[in-house]
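In: Just need the structure, nothing else, for what follows:
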Amino acid sequence: MRTLLLTISFTIAAGAAFAQDGPNSLTMSCASAQRLVQERGAVVIWSGPNIFDRYVANGGQCAGSEMTVPAWIATQDQQQCPVGQRCKQIEPGQN
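Out: Numbers count the residues shown, from 1 in each chain. Here you go, the predicted model:
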């Protein structure tokens, strides 16, 4: 019984840790989301339950084996807000 209670306690604590979130694009204006990316350089933005991605202001925020691609997200005032860029793994033969 004691083991079961400890297991349940740790499971609940772990679930709470994974439930943490950051800025939510659906509660921000497009301009606010763009400003956040520019100010921080790189930021994880949520756009729904368990839906998130990392957006960057420039390629300096990506690994050497990555390149930037334009990124759009839904915000409170726009369905397609050009928030910044995402880092994408460079495929062989791709420049």
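In: List the contacts of the nearest residue to residue 65 once chain neighbours are set aside.
Out: Using C-beta to C-beta, 6 or more residues apart in numbering and skipping the chain neighbours, the partner closest in space to residue 65 is residue 90 (5.7 Å). Placement of C-beta: from N, CA and C, glycine included. Residues near residue 90 by C-beta atoms under 8 Å, 6 or more residues apart in numbering: 65-67.
In: Go through those and flag which are in strands.
Out: 66-67 (DSSP state E).
In: of all the contacts of residue 90, which comes closest to residue 26?
Out: Comparing the contacts of residue 90 against residue 26 with C-beta to C-beta places residue 66 closest, at 26.8 Å.
In: what about the closest one, how many neighbours?
Out: For residue 66, the neighbour count with other C-beta atoms under 10 Å is 15.
In: give me phi/psi at residue 72?
Out: With angles defined as degrees, to the nearest 10, residue 72 sits at phi -120, psi 140.
In: who's in contact with it?
Out: 80-83.
In: Go ahead and build a ChimeraX selection from the buried members of these.
Out: Here is the ChimeraX command that selects the buried residues among the contacts of residue 72 (16 or more other C-beta atoms under 10 Å):
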select :81,83
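In: okay if I get the contacts of residue 72 as a markdown table plus distance to residue 42?
Out: Below are the contacts of residue 72 laid out as a markdown table (distance: C-beta to C-beta, whole Å):
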| residue | distance to residue 42 |
| --- | --- |
| 80 | 21 |
| 81 | 17 |
| 82 | 16 |
| 83 | 12 |
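In: Can you tell me which of the contacts of residue 72 end up in strands?
Out: Per DSSP E, the contacts of residue 72 map to strands at 81-83.
In: Three-state assignment for residue 45, please.
Out: State at residue 45, reduced to three classes by DSSP: H, G, I helix; E, B strand; the rest coil: strand.
In: Quick check: it touching residue 23?
Out: Yes: counting by C-beta atoms under 8 Å, residue 45 does reach residue 23; the two are 5.2 Å apart.
In: neighbour count winner among those two?
Out: residue 45 (24 against 17).
In: Please name the bridge partners of the more buried one.
Out: Counting by DSSP bridges, residue 45 forms beta bridges with residue 53.
In: got the residue ranges for the helices in the protein?
Out: 2-18, 30-40 (DSSP state H).
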